[in-house]
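Visitor: one predicted model, sequence on top.
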Amino acid sequence: MNILLFGKGGQVGWELQRSLSVLGTVTALDFDSTEHCGDFANPAGVAETVRALRPDVIVNAAAHTAVDKAESEADFARTLNATTPGAIAQEAAKLGAWLVHYSTDYVFDGSGSRPWVEADTPAPLSVYGRTKLEGEQLIAEAGAKHLILRTSWVYAARGGNFAKTMLRLAQERERLTVIDDQWGAPTGADLLADVTAHAIQHLQQHPEHAGLYHCVAAGETTWNAYAKYVLSRASIENSAIKIIANEVTPVPTSAFPTPAARPHNSRLNTAKLQTTFGLQMPHWQAGVARMLAEIL
């Protein structure tokens with residue numbers, strides 16, 4: 001199996017290089033790749049890459065994920081999140097190749113408290129959410145065999161993440177203030193990569209299971225409770241770490257105004273994914289604990 005991976009330098013892309021390697025030959029590209037175009041600001045160039053390499057499977061982990069910055073560069077975000085994925089989907093359809101693509105909880109408005117299911121009507125609040133939704137739609141319209149995985153609150157041991165920020169601040173300040181009215185499930189990039197590899201194998205035998213799925217770790221939490229778990233777990237993993245923060249104060253989203261609106265309810269129901277692909281999603285705490293053990 002020949003696999004073409006876009007966005008190899010990101011958190012998910014890095015893990016995908018590992019998980020996909022057991023399935024076949026992986027050509028991994030990023031925006032600065034020289035032999036073939038992997039720059040999503042150049043839809044025509046990326047489409048030409050697909051035509052030249054003729055992969056059996058295309059996995060797209062590239063995206064414009066700077067949520068606030070997207071508000072001031074909407075055209076650029078749309079190119080990276082919608083136009084170029086759409087162009088890839090058109091080429092995939094011509095080749096008969098599979099396309100795996102990642103989307104987000106930001107396609108929903110964050111209302112209510114029930115976990116969102118795939119059939120719920122999207123209503124994005126931000127440029128990022130709107131462009132990611134348009135990317136989903138363009139892929140579906142192109143008629144390619146596709147798998148779209150919506151996820152949320154992604155982290156990895158490699159690169160920056162919320163847990164690392166909390167650990168740094170907790171060693172500098174006696175009191176932290178963290179948002180307590182946004183709900184979701186921290187989801188490891190390694191988990192997304194492993195689910196992707198499993199799903200690709202499954203789809204080779206069951207192409208009728210193509211489509212849209214929600215993919216997050218099990219359980220739910222707020223950013224505030226997430227921060228508290230990170231700090232308590234860090235003390236277990238490394239007794240030498242000097243945490244001086246003795247209070248993690250809950251505050252509403254309004255305490256930290258941002259250019260882009262955040263959904264309050266980012267819970268995603270994964271029943272369809274688990275039933276279709278025969279999976280059991282691990283609890284979010286298990287993945288976070290493993291990540292902390294790696295970085296501490």
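Guide: Perfect, I can see it now.
Visitor: would you mind confirming that Glu71 is in contact with Pro259?
Guide: Yes - Glu71 is within contact range of Pro259, at 4.2 Å (criterion: CB atoms under 8 Å). Where C-beta positions appear, they are placed from N, C-alpha and C, glycine not excepted.
Visitor: for the two, indicate the residue with more neighbours.
Guide: Set Glu71 next to Pro259 and count neighbours by other CB atoms under 10 Å: Glu71 wins out with 16 against 12.
Visitor: separation between the more buried one and Glu134?
Guide: The spacing between Glu71 and Glu134, counted by CB to CB, to the nearest Å, is 16 Å.
Visitor: same question, Val12
Guide: In terms of CB to CB, Val12 sits 20 Å off from Glu134.
Visitor: neighbour count winner among these two?
Guide: Per other CB under 10 Å, whichever of Val12 and Glu134 has more neighbours is Val12, with 29 against 18.
Visitor: helix or strand for that one, which one?
Guide: In the assignment (DSSP states H and E), Val12 maps to helix 11-20.
Visitor: try Tyr213
Guide: strand 211-214.
Visitor: ok, then the element right after that strand?
Guide: strand 221-222.
Visitor: and the contacts of the helix or strand just after that next one?
Guide: With elements assigned by DSSP H and E, the helix or strand that comes after strand 221-222 is helix 223-237. With contact meaning CB atoms under 8 Å, 6 or more residues apart in numbering, helix 223-237 is reached by 162-163, 166-167, 170, 176, 178-180, 182, 186, 221, 241, 243, 245, 248, 250-251, 285, 288-289, 292-293, 296.
Visitor: now helix 223-237: how far from the chain's centre is it?
Guide: Distance, stretch centre to chain centre, for helix 223-237: 22 Å (CA atoms, centre = their mean, to the nearest Å).
Visitor: would you confirm that Cys215 contacts Leu149?
Guide: Yes - Cys215 is within contact range of Leu149, at 4.2 Å (criterion: CB under 8 Å).
Visitor: check contacts around Leu192.
Guide: By CB under 8 Å, 6+ apart, the residues touching Leu192 are 12, 15, 102, 149, 151, 154, 215.
Visitor: state the distance from the fourth one to Pro257.
Guide: Distance, Leu149 to Pro257, using CB to CB: 31 Å.
Visitor: okay, those two: which has more neighbours?
Guide: Between Leu149 and Pro257, Leu149 has the larger neighbour count (other CB under 10 Å), namely 20 against 7.
Visitor: Asp181: what secondary structure?
Guide: Under DSSP: H, G, I helix; E, B strand; the rest coil, Asp181 falls in the coil class.
Visitor: show me the contacts for it.
Guide: Applying CB under 8 Å, 6+ apart to Asp181 gives the contacts 222, 252-253, 264.
Visitor: go with 6 Å
Guide: Applying CB atoms under 6 Å, 6 or more residues apart in numbering, we find Asp181 in contact with 252-253, 264.
Visitor: now the helices for the stretch 151-296 of the chain?
Guide: 162-170, 189-205, 223-237, 271-277, 284-295 (DSSP state H, counting those that start in this stretch).
Visitor: please identify which of those helices is closest to Ser21.
Guide: Nearest to Ser21 among those is helix 189-205; the distance by CB to CB comes to 8.9 Å.
Visitor: and the closest one, how far out from the chain's middle?
Guide: Per CA atoms, centre = their mean, the centroid offset for helix 189-205 relative to its chain is 14 Å.
Visitor: okay, buried residues for it please.
Guide: Judged by neighbour count (16 or more other CB atoms under 10 Å), helix 189-205 contains these buried residues: 189-197, 199-200, 202-203.
Visitor: let me know the pLDDT of the closest residue to Ser113 other than its chain neighbours.
Guide: Among residues not flanking Ser113 along the chain, Asn265 sits closest, at 5.8 Å (CB to CB, 6 or more residues apart in numbering). With respect to pLDDT, Asn265 has a value of 98.
Visitor: surely Asn265 meets Phe108?
Guide: No - with contact defined as CB atoms under 6 Å, Asn265 does not reach Phe108; the gap is 7.5 Å.
Visitor: who has more neighbours, these two?
Guide: Ranked by neighbour count (other CB under 10 Å), Asn265 and Phe108 place Phe108 first, with 24 against 20.
Visitor: not counting sequence-adjacent ones, nearest residue to the more buried one?
Guide: What sits nearest to Phe108 in space, not counting adjacent residues and going by CB to CB, 6+ apart, is Trp116, at 5.2 Å.
Visitor: which strand residues bridge that neighbour?
Guide: Per DSSP bridges, the residues bridged to Trp116 are Leu268.
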